[in-house]
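Enquirer: Build me a model:
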Amino acid sequence: MKKTYINGKIFTSDPTRPYVSAFAAEDGRITAVGSAEEVLTDAPGEIVDLEGRTVIPGLIDAHMHPIMLADYAKQISALPPVCYSIKDIQREIRKARAAQGPDKWIFVWGCDEGKLAEKRYPDIHDLDEACDDAPVYVLRVCGHVRSCNSAALKLAGIDRDTPDPQGGTIEHDENGDLTGILTENAGELVGRLVPPQGISISAQNLKDLGDLLSSQGIVAVADMGEDDDPAWEIFREAAKLGFAQDAALYLVWDFYVDRPDFALTPEQTDPDAKIRVAGLKLIGDGSVSGHTAWMDEPYLSTGTCGIPVYSDELVESAIAYCKANHLQLAVHAMGGRAIARIVDRAYREEDWMDGAAPYVRVEHVTEPREDSMDKVIEKGMAFATQPVFFFSEIESYLMNLGQERTKTTYPIHRMLEKGLDVCLSTDAPATSWAVPSDPFINMQAAVTRVAFDGTDCGKEQAIDVETAVRLYTDAAARATGFRGLGRIAPGYRESFAVLSEDLFTVPAERIGEVHPLLTVHDGKEIYKA
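Expert: Here you go, the predicted model:
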């Protein structure tokens, strides 16, 4: 069926024609853009009056964790307004223990010591006091630090003599006793024991999350770090339940490198499929807020520079698998040393994706070196970054980096000035915000460079609103290989959002208040206010 949309302020994300007032679409594809006179024909089909509303292409979150976020929604949140202190976290743990009985796992997510009254992370003593007869597992908001009670550590066989695994640390106090805090790969010693909840439950959770994403104007997501068969099946089942978004999955290579039977089918890697495996994922370092990102300069809080995570052998095997299977390689790297490590290695390769998508993506990119950016540009790699980090986690950034250094983080303006291919994303749920997948608060952070508490985070790295939208649409589609998304232009898919206010004229500090009234994906309404 043909539809002609008229009387709108339509931002296309197409640099050759950024604004039009009308467009036409048929069978889920855009056929014409321009003025009403240009797109109206003898057979315009249904005419939709946009009544002067602002329209943007459907948004793409190029780096998030939908399955994780969907499941966390059913767990204890350590963030405001639920928890403001360790005592609040203990209260919620006790409530969960009373409701479910002994021995069953208790999960807490979103812990951010910068937002807790005690200004520290809950340790083994805090958690044992709250519950000593069931395993308790607290995940820091960044996803790179865990805290466990004695029951959880015992199940994992961790005691004071357990050696640190490669790329991780088991923390001890000044007496050599366990604190319960595990960083990076050490967290998997406990994480691998967490019982799976089943595909059907995860699929329903994911479908529920998809409804939220639709209300945020999001039509496609990259799930940046899942296993293969369960994630694939979860997304497929969620789609049957009504999950509307396109999804590109990136598999954490650590889990499969030693599996001789690991193989992906053509159906799973079909670049035109709505749900597909797009690449592999490696963890190169940790997080700034957890002071484990591998930096060039030390943290003010610890005097250390963070840690590298993956081994040389792991990255070599990942590159070989990606080249052989026409997959992207996405590497989590926040600090300058971690960024340089993967960029320098990838620089020696030629583009094995043949231009279909960047052969290597560097994720987060907090403090990139100039020469790393130059190499990324030369070889056609891409950055995916998240300004919402400094916006929502400013307490940790000030503590670990100080304000002047924080102003230089996530230098998006500099990246674009140099000509680098970069996109915006949220990394939800790995950030300290009540609704971590919200794209508009993320764009507000990129445009204002002001944290939620008013802290100046380096306005010289600010970008304009049009650029922010392009980085959330056209650039995000390129980085993730979503075909036909990211623009309102002839030949592209009929995927767009009609907004509550004019995103391009609303005061910058109110961008986060803008929301969709209507989201359309492939010609179908997936949300209507």
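Enquirer: Pass me the low-pLDDT residue ranges in the chain, would you?
Expert: Applying pLDDT under 70 to the chain flags the ranges 227-229.
Enquirer: Select the longest helix from it.
Expert: helix 199-215 (DSSP state H).
Enquirer: and it, what does it pack onto?
Expert: helix 66-72, helix 229-241, strand 516-521, strand 524-528 (3 or more C-beta pairs under 8 Å, 6 or more residues apart in numbering; DSSP states H and E). (Each C-beta comes from the backbone N, C-alpha and C, glycine too.)
Enquirer: could the ones you listed go into CSV alongside distance to A451 and mean neighbour count?
Expert: Shown next, in CSV, are the helices and strands packed on helix 199-215 (distance: least, C-beta to C-beta, whole Å; neighbours: other C-beta atoms under 10 Å):
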stretch, distance to A451, mean neighbour count
helix 66-72, 22, 24
helix 229-241, 33, 19
strand 516-521, 25, 23
strand 524-528, 29, 16
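Enquirer: Next, the angle strand 524-528 makes with the helix or strand just after the longest helix of the chain.
Expert: Counting by DSSP states H and E, the next helix or strand C-terminal to helix 199-215 is strand 218-226. Counting by axes from the mean of the first three to the mean of the last three C-alpha atoms, to 10 degrees, strand 218-226 points 90 degrees away from the direction of strand 524-528.
Enquirer: Can you give the strand pairings for strand 218-226, parallel or anti for each?
Expert: Take DSSP bridges as the rule and strand 218-226 pairs in its sheet with strand 59-64 (parallel), strand 246-252 (parallel).
Enquirer: quick one: the last one to helix 229-241, angle?
Expert: Angle between the axes of strand 246-252 and helix 229-241 is 170 degrees (criterion: the same axes, to 10 degrees).
Enquirer: Closest to the centroid, which residue in the chain?
Expert: The centroid of the chain falls nearest to D427 when counting by C-alpha atoms, centre = their mean (2.0 Å).
Enquirer: what residues are up against it?
Expert: D427 is in contact with 63-65, 224, 364, 386, 388-389, 436, counting by C-beta atoms under 8 Å, 6 or more residues apart in numbering.
Enquirer: and which of these is nearest I377?
Expert: H364 (18.1 Å; C-beta to C-beta).
Enquirer: Can you read off the backbone torsions of the residue nearest to that closest one when sequence neighbours are not counted?
Expert: Among residues not flanking H364 along the chain, M334 sits closest, at 4.5 Å (C-beta to C-beta, 6 or more residues apart in numbering). Torsion angles at M334 (phi, psi; degrees, to the nearest 10) stand at phi -100, psi -50.
Enquirer: again, but for R345
Expert: Dihedral pair for R345: phi -70, psi -40, per degrees, to the nearest 10.
Enquirer: doesn't V315 make contact with it?
Expert: Yes. With contact defined as C-beta atoms under 8 Å, R345 reaches V315; the gap is 6.2 Å.
Enquirer: For the residue nearest to H364, grab the count of nearby residues.
Expert: M334: 33 surrounding residues under other C-beta atoms under 10 Å.
Enquirer: What separation is there between it and N185?
Expert: To N185, M334 is 16 Å away according to C-beta to C-beta, to the nearest Å.
Enquirer: Ok, P195 next?
Expert: For P195 relative to N185 (C-beta to C-beta), the value is 21 Å.
Enquirer: Pick out whichever of those two has more residues nearby.
Expert: The neighbour comparison of P195 against N185 (other C-beta under 10 Å) goes to N185, with 20 against 7.
Enquirer: nearest spatial neighbour of the more buried one, skipping sequence neighbours?
Expert: G168 (3.3 Å).
Enquirer: so what's that neighbour up against?
Expert: Neighbour list for G168: 182-188, 309 [criterion: C-beta under 8 Å, 6+ apart].
Enquirer: Of those - the most surrounded one?
Expert: Ranking the contacts of G168 using other C-beta under 10 Å puts L182 first, with 29 neighbours.
Enquirer: Just to check, P308 is in contact with I342?
Expert: No. The pair P308 / I342 is not scored as a contact, 10.2 Å apart, by C-beta under 8 Å.
Enquirer: hey, what's in contact with both of the two?
Expert: Residues within reach of P308 and of I342 at once, by C-beta under 8 Å, 6+ apart, are G284.
Enquirer: Highest neighbour count among the contacts of D427?
Expert: The contacts of D427, ranked by neighbours (other C-beta under 10 Å): first place F389, 31 neighbours.
Enquirer: Against D312, how distant is it?
Expert: As for F389, its distance to D312 is 28 Å (criterion: C-beta to C-beta).
Enquirer: From the chain's centroid, how far away is stretch 432-442?
Expert: In terms of C-alpha atoms, centre = their mean, to the nearest Å, the centre of stretch 432-442 is found 11 Å from the chain centre.
Enquirer: before we move on, back to that, quick one: which two of the contacts of G168 are the most distant?
Expert: Put simply, by C-beta to C-beta the two of the contacts of G168 set farthest apart are L182 and V309, 13.2 Å from each other.
Enquirer: Go through stretch 41-60 and flag the buried ones.
Expert: Residues of stretch 41-60 classed as buried under the neighbour-count rule (16 or more other C-beta atoms under 10 Å) are 48, 50, 53-60.
Enquirer: Stretch 292-311 now?
Expert: In stretch 292-311, counting by 16+ other C-beta under 10 Å, buried: 292-295, 299, 305-310.
Enquirer: repeat for stretch 362-371
Expert: For stretch 362-371, a neighbour-count test (16+ other C-beta under 10 Å) marks 362-368 as buried.
Enquirer: How about stretch 413-428?
Expert: Judged by neighbour count (16+ other C-beta under 10 Å), stretch 413-428 contains these buried residues: 413, 415-416, 420-428.
Enquirer: Which members of these occur in helices, if any?
Expert: 413, 415-416.
Enquirer: gap between the closest residue to A357 other than its chain neighbours and D312?
Expert: Distances taken as C-beta to C-beta, 6+ apart put G481 closest to A357, at 3.4 Å, once the chain neighbours are dropped. G481 sits 27 Å away from D312, going by C-beta to C-beta.
Enquirer: from the buried residues of stretch 41-60, which is closest to D27?
Expert: V48 (15.9 Å).
Enquirer: partner strands of the strand or helix carrying that closest one, parallel or antiparallel?
Expert: Assessed by DSSP H and E, V48 sits inside strand 46-49. Strand pairing for strand 46-49, using DSSP bridges, gives strand 2-6 (parallel).
Enquirer: Distance from the chain centre to the partner strand, please.
Expert: Per C-alpha atoms, centre = their mean, the centroid offset for strand 2-6 relative to its chain is 33 Å.
Enquirer: tell me the angle that strand makes with strand 516-521.
Expert: 150 degrees.
Enquirer: And the next helix or strand past strand 2-6?
Expert: strand 9-11.
Enquirer: which helices and strands does the helix or strand just after that next one pack with?
Expert: Later in the chain than strand 9-11, the nearest helix or strand by DSSP H and E is strand 19-20. Other elements packing on strand 19-20 under the criterion 3+ C-beta pairs under 8 Å, 6+ apart are strand 9-11.
Enquirer: just to revisit the earlier point, for the longest helix of the chain, list the C-alpha coordinates in CSV.
Expert: Extracted in CSV, the C-alpha atoms of helix 199-215 (Å, rounded to 0.1, in the frame of the first residue of the first chain):
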residue,chain,number,x,y,z
ILE,A,199,14.8,-19.3,26.3
SER,A,200,11.1,-18.7,26.7
ILE,A,201,11.5,-16.4,29.7
SER,A,202,14.3,-14.4,28.1
ALA,A,203,12.3,-14.1,24.9
GLN,A,204,9.3,-12.7,26.7
ASN,A,205,11.6,-10.3,28.6
LEU,A,206,13.2,-9.2,25.3
LYS,A,207,9.8,-8.7,23.7
ASP,A,208,8.8,-6.4,26.6
LEU,A,209,12.0,-4.5,26.1
GLY,A,210,11.3,-4.2,22.4
ASP,A,211,8.1,-2.4,23.2
LEU,A,212,10.1,0.2,25.2
LEU,A,213,12.6,0.6,22.4
SER,A,214,9.8,1.2,19.9
SER,A,215,8.5,4.0,22.1
